[in-house]
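Participant: mind folding the following:
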Amino acid sequence: TAIGEGALRNTALTAFDISENITEVAANTFANCTALQHIYMPDTVTLIGDSAFEGCSSLTEIVIPDGVTAIGSSAFSGCSVLGNVVIPSGVQTIEDNAFQNCIAITEMVIPDSVTSIGANAFSGCTGLTNVVLPDDLEVIGDAAFSGCTGLTNITFPDGLKTIGDNAFYQCSSLAAITFPETLTTIGAKAFMFCSSLESISIPAAVQTMDGSSFAMCEKLTGIEIAADNANYILEDGVIYNADKTTLVYYSAGKLETECVVADGVKIIGAYAFSSSALKSLVLPESVKIVEENAIYRCDNLTDLTVKNRYCRLRGYIWCYDDMTIHAHSNSRAAAYASNYGMNFVSLGIADVIGDVNGDNVVSVADAVMVLSYYAKESAGLQPDTDALFENIQLGDIDQNGAISVEDAVSVLTYYARQSANLDPFWDEV
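Facilitator: The predicted model follows:
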């Protein structure tokens, strides 16, 4: 038996006793009853529906019956003066937004019966200082505790597998955390803006995280990664993927003012550099892609050097207004600096791979020259002595020391993709 959905919504009730035969407080039953200060629920109640008490901004306390097994989405969202709530041991699910913006709650003990906490379940609970999570918890939903700026302590249980995107975003008082060995996923921006966080230890089981997971953690200097983690490695406070082709995260708390990214790194991941002390950042020839927001709010950064002519700078670089990009004049980075009105210093003119005829573009004519050279060389005519082929080394696309039909095909493929605005890399053709 249930009170009808939305039956008492927006009324001026100050108190209400639910009768003993009721088993469900339906969706929106007391929603926006802003004068409601007291509610009695009998032990017969097993379900608190979606938005059942949402916006009850005068409700100071509530006793959830022991028989309740589910607390619906937004059930108590916006109950801004609701004090500490005891969740009974029978509750299995706390749905999305269940206690969102309940700013008067200071402590929350979640019983062991709960195995998942929904998205935004406790987001915006700025008064929350301590949370006890259940032993069998496996998933903390997206933004579950985001904006809990007063949260100083949380202990993750053994068995936890997933910390969702934005789960502890802007928990600015959280200074220390310990991840369980079972953890596999740390979501995007999970601990972003946790400005008091000083140390983390990444377990061996973690398979998924990125630079945004700990972006803008200005005090984070102590990072450890389990030696047997198959997906990430740590070198000098910098997290890379396993084969060191992606720079995932540069510790925001590092005090160095200069960084030369290691040769072999191909990708600078999103939010890899955030709120760092860096003044100078050098990207080697190997770096092909700088992901969007890879350089984020690095207010001290004055010089960015991009050595690869073809390196793609995606999105906007959030940094010091007068930052200077150092790159080749015929590079993508030069065009980027021009597009965004940034200061630019030229490193000279870079060789254009595939531009055998020297006209600064890759075209069918270059492929014809590669084939011509190959044909003459195959016929024993020594084309090396012909000034026409003085730039033929730019046609050795596979860099095996020999000009071949395959090189000509690569030039044609690159030209075709470029003509189709596919913005190709040479190693993609």
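
Participant: neighbours of Asp359, how many?
Facilitator: 11 (other CB atoms under 10 Å). Any C-beta I mention is one placed from the backbone N, CA and C, and that applies to glycine too.

Participant: how near is it to Met369?
Facilitator: Separation of Asp359 from Met369 (CB to CB, to the nearest Å): 11 Å.

Participant: same thing with Ile103?
Facilitator: Applying CB to CB to Ile103 and Met369 gives a distance of 71 Å.

Participant: which residues touch the spatially most central residue of the chain?
Facilitator: By CA atoms, centre = their mean, the chain has its centre lying nearest to Ala188, at 3.0 Å. By CB atoms under 8 Å, 6 or more residues apart in numbering, Ala188 lies in contact with Asp165, Asn166, Asp210, Ser212, Ser213.

Participant: swap the cut-off to 6 Å and go again
Facilitator: Counting by CB atoms under 6 Å, 6 or more residues apart in numbering, Ala188 makes contact with Asp165, Asp210, Ser212.

Participant: just confirm the last one is within a strand.
Facilitator: No - using DSSP: H, G, I helix; E, B strand; the rest coil, the secondary structure at Ser212 is helix, not a strand.

Participant: isn't it up against Phe191?
Facilitator: No - with contact defined as CB atoms under 6 Å, Ser212 does not reach Phe191; the gap is 9.3 Å.

Participant: quick one: which of the contacts of Ala188 is nearest Leu412?
Facilitator: Asp210 (36.8 Å; CB to CB).

Participant: could you report the separation of that closest one from Gln418?
Facilitator: Asp210 sits 30 Å away from Gln418, going by CB to CB.

Participant: more neighbours: the two, which one.
Facilitator: Asp210 (22 against 16).

Participant: ok now do the more buried one, which residues does it touch?
Facilitator: Ala188, Gly269.

Participant: same thing with Ser329?
Facilitator: Ser346, Ile349.

Participant: would it count as being in a helix?
Facilitator: No - under the criterion used here (three-state DSSP), Ser329 is coil, not part of a helix.

Participant: any idea which helix or strand carries Ala333?
Facilitator: Remark: Ala333 resides in helix 332-339, with elements defined by DSSP states H and E.

Participant: now for that helix, which elements pack on it?
Facilitator: In terms of contacts (3 or more CB pairs under 6 Å, 6 or more residues apart in numbering; DSSP states H and E), helix 332-339 is packed against strand 324-327.

Participant: mind listing what the strand it packs on pairs with, with the direction of each?
Facilitator: Using DSSP bridges, the strands paired with strand 324-327 are strand 303-306 (parallel), strand 343-346 (parallel).

Participant: which one of Ile103 and Met369 is surrounded by more residues?
Facilitator: Higher neighbour count among Ile103 and Met369: Met369, with 24 against 18, using other CB under 10 Å.

Participant: A strand includes that one, no?
Facilitator: No - assessed by three-state DSSP, Met369 does not belong to a strand; its assignment is helix.

Participant: who touches the lowest-mean-pLDDT helix or strand in the chain?
Facilitator: Of all helical and strand segments in the chain, the minimum by mean pLDDT, DSSP states H and E falls on strand 2-3, at a mean of 78. Strand 2-3 has contacts (CB under 6 Å, 6+ apart) with Glu24, Ala26, Thr29.

Participant: buried ones only from these, please, as a ChimeraX command.
Facilitator: To isolate the buried ones among these in ChimeraX, judged by 16 or more other CB atoms under 10 Å, type:
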select :24,26,29
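
Participant: pick the one among the contacts of strand 2-3 closest to Lys288.
Facilitator: Ala26 (55.8 Å).

Participant: surely that closest one meets Gly49?
Facilitator: Yes - assessed by CB under 6 Å, Ala26 is found in contact with Gly49 at 4.7 Å.

Participant: Ile233: what's its closest spatial neighbour, skipping adjacent residues?
Facilitator: Nearest residue to Ile233 in three dimensions, chain neighbours excluded: Tyr240, at 5.3 Å (CB to CB, 6 or more residues apart in numbering).

Participant: any idea whether that neighbour is helix, strand or coil?
Facilitator: strand.

Participant: tell me, how many residues neighbour it?
Facilitator: 21.

Participant: one more: Asp351?
Facilitator: Asp351, neighbours per other CB under 10 Å, totals 12.
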